[in-house]
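**Student:** The following comprises the amino acid sequence and a computationally predicted model.
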Amino acid sequence: MFRGNPEGLSGVEIDRLLSLGSGEAALLYMYARRNALPFPESMPGFSKEQVKQALRQLCQAGLLAAPPSVPLPQSTDECPYYDSDTIAKSLSDPDFAYAVRQIERLLGKTLSSQDLQILHSMHDWRGLPAGVILLLVNYCIERQEHNGSKRRPTLRQIDREAAVWEHEQLFTSDLAEKYIERREKYRQSCSEVLRSMQIFREPAPTEKKYINEWLGLGFGHEAIALAYDKTVIRTGKLSWPYCDKILQGWHAQKLYTVPEIEAQENSSKAVSLGSMKTNGRQAPSAAKDYDEEF
């Protein structure tokens with residue numbers, strides 16, 4: 001159904017349409033408004049694929065809402081082909097032309113016709129505005145540098161990340177910047193976790209999965225380092241499943257920081273020692289108690 005003033009386009013609606021950078025989406029939206037169609041699945045002069053793409057953009061921008069019985073249109077697996085006239089027309093758009101110039105500067109080369117095809121597809125097919133594409137390219141370059149590579153990423157490599165941004169619906173600069181901030185924070189946290197676990201290499205996929213889950217649960221690298229220390233003491237090696245068991249146990253108790261964990265452990269030890277004295281049993285040594293905790 002529609003969101004906004006039914007008598008005319010509000011300022012918010014106009015801003016969202018402009019941010020899409022898609023004439024087809026704007027035309028379909030006005031056609032739907034003019035004919036009071038909550039979710040138009042066809043439009044005179046538009047192919048089925050054009051309508052599908054425009055609907056996807058409008059839904060993601062919050063201008064239309066797909067009925068529960070109708071799935072949100074998704075991108076096809078293959079990018080459409082753009083002829084030279086279409087590319088030339090896109091370059092007449094000041095924002096897109098500026099983005100192209102800046103990307104050439106960042107990548108240190110003149111973009112080929114194939115590069116422009118890929119770049120235009122990010123804008124037209126994936127629905128990323130020119131400003132967001134610039135942020136995307138900068139992000140990919142910085143990520144390459146963090147990985148120790150001196151080579152600039154190719155447009156095809158950047159487009160793979162663009163698919164992620166499309167999936168995450170990063171269709172404004174504000175959303176893209178917040179996403180970059182989250183990813184940078186995660187990258188730093190992941191590096192700290194690896195260092196605390198004495199791992200000085202790129203983690204394997206399964207290792208990444210564990211780290212992602214632990215960080216997602218809310219643990220910092222200090223708590224993960226403590227779980228690692230307990231794992232090594234108990235098993236004599238790094239056992240990812242065993243370390244995960246410890247952290248999942250803390251998660252169940254809602255313990256996420258080292259002070260919280262240690263306070264709970266000290267409390268449990270005090271209760272245990274008190275119980276043993278009451279029953280006339282000899283308390284075990286601190287080292288044994290620590291070792292048997294897990």
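**Tutor:** Cool, the structure landed. Numbers count the residues shown, from 1 in each chain.
**Student:** what's next to the host helix or strand of D174, contact-wise?
**Tutor:** Element membership for D174, per DSSP states H and E: helix 173-196. Helix 173-196 is contacted from outside by 129, 131-132, 135-136, 139, 146, 165, 168-170, 200, 203, 208, 211, 214-215, 220-222, 224-225, 228, using Cβ atoms under 8 Å, 6 or more residues apart in numbering. From N, CA and C alone the C-beta is placed, and that goes for glycine too.
**Student:** which is the next helix or strand following that helix?
**Tutor:** Using DSSP H and E, the helix or strand that follows helix 173-196 in sequence is helix 205-217.
**Student:** Below-threshold pLDDT in this structure: ranges please.
**Tutor:** Where the chain drops to pLDDT under 70, the residues are 1-7, 49, 66-78, 270-294.
**Student:** Can you identify each of the helices in the stretch 1-150 of the chain by residue range?
**Tutor:** Using DSSP state H, counting those that start in this stretch, the helices of the stretch 1-150 of the chain run over residues 11-20, 23-34, 48-60, 84-91, 94-107, 113-124, 130-146.
**Student:** Rebuild the ones you listed as TSV, extending it with mean neighbour count and distance to Q253.
**Tutor:** Putting the helices of the stretch 1-150 of the chain into TSV (neighbours: other Cβ atoms under 10 Å; distance: least, Cβ to Cβ, whole Å) gives the following:
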stretch	mean neighbour count	distance to Q253
helix 11-20	16	45
helix 23-34	18	49
helix 48-60	20	40
helix 84-91	13	56
helix 94-107	15	48
helix 113-124	19	46
helix 130-146	19	35
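**Student:** Reformat the ones you listed as CSV; add distance to E260.
**Tutor:** Converted to CSV, the helices of the stretch 1-150 of the chain look like this (distance: least, Cβ to Cβ, whole Å):
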stretch, distance to E260
helix 11-20, 43
helix 23-34, 49
helix 48-60, 40
helix 84-91, 54
helix 94-107, 45
helix 113-124, 45
helix 130-146, 32
